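**Q** structure for this input, please:
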Amino acid sequence: MTQTTELVIRQPDDWHVHLRDGAWLADIVGWTARQFARAIVMPNLSPPVTTAALAGQYRDRIRAVAPAGFTPLMTLYLTDHTDPDDVAAAFADGIAVACKLYPAHATTNAAHGVTDITAIAPVLARMEAIGMPLLVHGEVTDPATDIFDREAVFIERVLAPTVARFPGLKVVFEHITTADAADFVAGAGENLAATITPHHLQINRNAMFAGGLRPHAYCLPVAKRERHRLALRRAATSGSPKFFLGTDSAPHPVHAKESACGCAGIFNAPHALESYAAVFDEEDALDRLEAFASLNGPAFYGLPVNPGRVRLVREPVAVPGETALGEQAVVPYHAGESLAWRFTGPV
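**A** Okay, here's the model as predicted:
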């Protein structure tokens, strides 16, 4: 069988990314815009992006440093006190395309998140009525629940009841990490979809403990057992329109990762497409990469497919051990490795 040496696909979008703010913003936006035309921007800044006004201001800061042709798609951070009218206005005015549910204390800068899903029932009802998607960080934060079980428990306690109560609400179960999540999404109605990161397709929980404690493999939700990784690969490469690309790229400086209480997050933006291509290549599914990366997300969000195309070629690319962001260094995903596919840019 002839080996594929080149891929040309519609330019993809990143449906889940952390662009941060301040001194790093220009560099981080540049890495994402290098491969993606649009990106769903997470609102967990400090302080968080909780209102239409704050989302508009953050969008302006991104636009000021973004390369031509890149479109940030903003989200609102839900709290127990979110105003349904403000949410609806943000959506109607094109300021925010979705709202983000962080269970309180579930991840980085989630201290202001939702303490009880019932507290935001009026917001969810309004979102259902206007067709505004809900993006979900799917973990319970009950300290009595094992960290490796928190996604599965979230499905049972929170997501399944919410989907049943608001059947018309569009929901994206973000960065899924388990077979439980993949099966739940696959078996649900057309209003439920999921994003999958490159690292959850490539590493299992052993990566955090390979020869010692490996903080640069630590993210939230954490990587799970091997059977879950394999289930995610089957879902991503299945051709189902319910699954699409979302990197959850989340940079932290080296000193913040390599500390007594290291931050959660993996910075995969510099070689995201190469990483996904490796997975689809290994699964003999390169012909399905375009749908996962470029078609399924726009279809779910009701947005047009990007008109441009990008190219990847089968030739090695070396990933540096560190990447500069402003005056600080970040260890990128695949640091020190050689990848088999190279992103060459627009066709």
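**Q** quick check: T75 touching V49?
**A** Yes. The pair formed by T75 and V49 meets the contact definition of Cβ atoms under 8 Å, at 7.3 Å. From N, CA and C alone the C-beta is placed, and that goes for glycine too.
**Q** you'd agree A111 is up against A104?
**A** Yes. In this structure, A111 is within contact of A104 by Cβ under 8 Å, at 6.7 Å.
**Q** now the helices for the stretch 201-347 of the chain?
**A** 226-236, 254-257, 272-282, 289-290, 296-301 (DSSP state H, counting those that start in this stretch).
**Q** okay, stretch 213-229 in CSV with CA atoms only?
**A** C-alpha atoms of stretch 213-229 as CSV (Å, rounded to 0.1, in the frame of the first residue of the first chain):
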residue,chain,number,x,y,z
LEU,A,213,7.2,12.8,38.7
ARG,A,214,6.6,14.4,35.3
PRO,A,215,4.8,17.7,35.8
HIS,A,216,4.7,18.6,32.1
ALA,A,217,2.3,15.7,31.6
TYR,A,218,0.0,16.9,34.2
CYS,A,219,-3.3,18.5,33.0
LEU,A,220,-6.9,18.6,34.2
PRO,A,221,-8.8,16.5,33.6
VAL,A,222,-5.8,14.1,34.2
ALA,A,223,-4.9,11.4,31.7
LYS,A,224,-6.6,8.1,32.5
ARG,A,225,-5.9,4.4,32.1
GLU,A,226,-4.8,3.0,28.7
ARG,A,227,-8.3,1.6,27.9
HIS,A,228,-9.7,5.1,28.1
ARG,A,229,-7.0,6.5,25.8
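**Q** not counting it itself, show me its contacts.
**A** 106-108, 137-139, 147-148, 150-151, 175, 177-179, 197, 199-208, 210, 248, 250, 257-259, 262, 264-266, 331, 333, 335 (Cβ atoms under 8 Å, 6 or more residues apart in numbering).
**Q** right, so of the helices of the stretch 201-347 of the chain, which gets closest to A23?
**A** Ranking the helices of the stretch 201-347 of the chain by proximity to A23 (Cβ to Cβ) places helix 254-257 first, at 14.4 Å.
**Q** before we move on, the earlier item: need the overlap of contacts for T75 and V49.
**A** By Cβ under 8 Å, 6+ apart, T75 and V49 have these common neighbours: 43, 55.
**Q** ok, now which ones touch the nearest residue to F280 once chain neighbours are set aside?
**A** Nearest non-adjacent residue to F280, counting by Cβ to Cβ, 6 or more residues apart in numbering: L289, 4.4 Å away. Contacts for L289 (Cβ under 8 Å, 6+ apart) come out as 7, 9, 276-277, 280.
**Q** hang on, the earlier thing: okay if I get the helices of the stretch 201-347 of the chain as TSV plus distance to I62 and mean pLDDT?
**A** As requested, those are exported to TSV (distance: least, Cβ to Cβ, whole Å; pLDDT from 0 to 100):
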stretch	distance to I62	mean pLDDT
helix 226-236	28	98
helix 254-257	22	96
helix 272-282	18	98
helix 289-290	26	98
helix 296-301	18	98
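**Q** closest one to V163 among those helices?
**A** Taking these one by one with Cβ to Cβ, helix 296-301 is closest: 14.9 Å.
**Q** so for the closest one, what gets flagged as buried?
**A** Buried residues in helix 296-301, defined by neighbour count with 16 or more other Cβ atoms under 10 Å: 296-298, 300-301.
**Q** residues making contact with it?
**A** Here helix 296-301 has contacts from 12-13, 15, 97-98, 133, 170, 172, 193, 195, 241-246, 303-306, using Cβ under 8 Å, 6+ apart.
**Q** measure how far that helix is from the centre of its chain, please.
**A** 14 Å (Cα atoms, centre = their mean, to the nearest Å).
**Q** where in the stretch 51-200 of the chain is pLDDT low?
**A** 109-110 (pLDDT under 70).
**Q** what are the ranges of the helices in it?
**A** 52-65, 84-92, 121-130, 150-154, 160-165, 179-187, 198-202.
**Q** now the ones you listed in TSV, with distance to R233 and mean neighbour count?
**A** TSV is the format used below for the helices of the stretch 51-200 of the chain (distance: least, Cβ to Cβ, whole Å; neighbours: other Cβ atoms under 10 Å):
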stretch	distance to R233	mean neighbour count
helix 52-65	32	17
helix 84-92	34	18
helix 121-130	31	18
helix 150-154	17	22
helix 160-165	24	14
helix 179-187	10	19
helix 198-202	6	23
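**Q** count of residues packed around the closest residue to A291 other than its chain neighbours?
**A** Computed as Cβ to Cβ, 6+ apart, the closest residue to A291 that is not its neighbour in sequence is G239, at 6.4 Å. G239 has 12 neighbours, counted by other Cβ atoms under 10 Å.
**Q** measure G239 to G262 for me?
**A** Distance of G239 to G262, given as Cβ to Cβ, to the nearest Å: 37 Å.
**Q** repeat for S249
**A** Taking Cβ to Cβ, one finds S249 at 17 Å from G262.
**Q** between the two, who's got more neighbours?
**A** Between S249 and G262, S249 has the larger neighbour count (other Cβ under 10 Å), namely 27 against 16.
**Q** for K242, what are phi and psi?
**A** Dihedral pair for K242: phi -80, psi -10, per degrees, to the nearest 10.
**Q** could you find the closest non-adjacent residue to it?
**A** In space, and not counting its chain neighbours, K242 is closest to A193: 4.8 Å by Cβ to Cβ, 6+ apart.
**Q** look up how far P346 lies from that neighbour.
**A** 27 Å.
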